[in-house]
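1. sequence and predicted structure, then a few things I'm wondering about:
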Amino acid sequence: MTDAGAGGKDRRRRKDKDAAVAVWREKENIDGKQVDAGVIILRTSGCSHFHKGGCSMCGYNIESDRSISADDIVKQFDVALSGLGGVAMLKVYTSGSFLDGREVPAGVAERVLGECADKGMRLLVESRPEYITADGLDALLAAHEDIELAIGLESANDKVLRHSINKGFTVGDYDRAATLMKERGMDLRTYVLLKPPFLTEREAVEDAVATAEHAAPFSHAISVNAVNIQKGTLVERLWKDWSYRPPWLWSALEVARRCAGLGPKLLCDPVGGGTVRGAHNCGGCDQVILDGLKAFTASQDLSRLARPECECEGMYRAVLGLEGAVVGGTPDLQRFFRRA
Ligand SMILES: [Zn+2]
């Protein structure tokens with residue numbers, strides 16, 4: 001690389017420190033009403049757990065930078081917020097935990113909470129359970145009452161958390177944090193992962209359903225997140241090796257159908273759906289299923305789920321039967337069949 005190139009990169013990186021990773025507007029359903037929401041992804045020093053190995057499917061820390069200061073993050077937030085226009089809800093994501101004081105310094109949290117309180121915006125933030133304490137929640141609620149706090153439980157099976165995801169916490173840790181929130185009447189959004197690595201397609205469906213069932217008594221909303229292949233992750237290495245396939249959309253559909261009646265609002269709108277790196281089917285029936293999932297997520301009306309007739313469902317059923325029983329692993333059988 002030339003000196004000019006490296007210098008250019010340095011300049012860009014310095015500038016990036018006070019620019020949010022991404023900002024956009026989207027629709028959100030609050031108490032049955034469609035409202036405008038703003039999404040701000042802040043660049044931070046990174047998830048504490050990433051520095052200890054990180055989760056097998058998470059590549060978000062590609063955007064983080066250990067030298068970012070509190071002032072940088074406040075500036076990111078201010079610029080992003082002023083560009084968003086009026087919204088009823090603000091979702092502020094970092095690559096890790098909003099309640100981790102090392103990642104999101106107190107001054108940043110104060111600024112975000114203060115703006116939301118002033119403007120009457122509902123706030124959604126995320127945290128790992130280890131940063132959720134009674135005192136921390138009380139301080140949060142004192143600053144702003146209308147908060148939804150999300151936890152990425154991913155799986156309610158400790159073996160899956162430990163060996164497939166490398167999550168770095170247990171189901172018990174989630175239960176403790178979720179109980180503290182419930183005691184305070186706080187809205188919890190639980191993320192459920194559809195298809196951690198090393199699970200067969202059928203195991204993945206059953207694990208997602210069992211996880212949603214576990215989370216339901218604690219949760220205001222459950223978001224079923226289909227794995228998408230992110231750069232630099234273990235899941236990407238397995239995928240390149242034909243040892244992993246993102247979930248079928250048939251699986252997402254089944255999980256949505258089985259979890260819709262659990263009580264909490266159910267969200268299932270796969271990121272990167274219909275692409276090779278996201279949840280996908282044969283390519284022919286993907287869009288109609290994705291449109292159905294999106295319409296269901298927005299309306300909570302099960303009749304909006306689409307169930308197209310497509311011959312790839314036969315291959316899907318065959319994969320469900322073959323994985324585990326014959327192959328004893330989780331290879332990407334669809335890619336194999338296509339080549340054969
Ligand atoms: Zn199809």
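-> Sure thing, it's come through.
2. now the strands for the chain?
-> 22-30, 33-41, 89-93, 122-126, 147-154, 187-194, 221-226, 265-267 (DSSP state E).
3. and those strands as JSON lines, adding distance to Asp175 and mean neighbour count?
-> No exception for glycine: its C-beta is placed from N, CA and C like everyone else's. Formatted as JSON lines, these follow (distance: least, C-beta to C-beta, whole Å; neighbours: other C-beta atoms under 10 Å):
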{"stretch": "strand 22-30", "distance to Asp175": "26", "mean neighbour count": "15"}
{"stretch": "strand 33-41", "distance to Asp175": "28", "mean neighbour count": "17"}
{"stretch": "strand 89-93", "distance to Asp175": "24", "mean neighbour count": "22"}
{"stretch": "strand 122-126", "distance to Asp175": "18", "mean neighbour count": "21"}
{"stretch": "strand 147-154", "distance to Asp175": "9", "mean neighbour count": "23"}
{"stretch": "strand 187-194", "distance to Asp175": "11", "mean neighbour count": "24"}
{"stretch": "strand 221-226", "distance to Asp175": "15", "mean neighbour count": "23"}
{"stretch": "strand 265-267", "distance to Asp175": "20", "mean neighbour count": "22"}
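4. out of those strands, which gets nearest to the ion?
-> Closest of those to the ion is strand 221-226, at 16.0 Å (criterion: C-beta to the ion).
5. partners of that closest one, with directions?
-> strand 187-194 (parallel), strand 265-267 (parallel) (DSSP bridges).
6. including distance to the ion, could those go into a markdown table?
-> As requested, the strands paired with strand 221-226 are arranged in a markdown table below (distance: least, C-beta to the ion, whole Å):
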| stretch | distance to the ion |
| --- | --- |
| strand 187-194 | 18 |
| strand 265-267 | 23 |
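7. in CSV: those strands, plus mean pLDDT.
-> Formatted as CSV, these follow (pLDDT from 0 to 100):
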stretch, mean pLDDT
strand 187-194, 98
strand 265-267, 96
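8. and those strands as TSV, adding distance to Gly85?
-> TSV is the format used below for those (distance: least, C-beta to C-beta, whole Å):
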stretch	distance to Gly85
strand 187-194	24
strand 265-267	24
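9. up against the ion, what does this protein have?
-> Within reach of the ion by C-beta under 5 Å from the ion, the chain has these residues: 281-282, 284-285, 310, 312.
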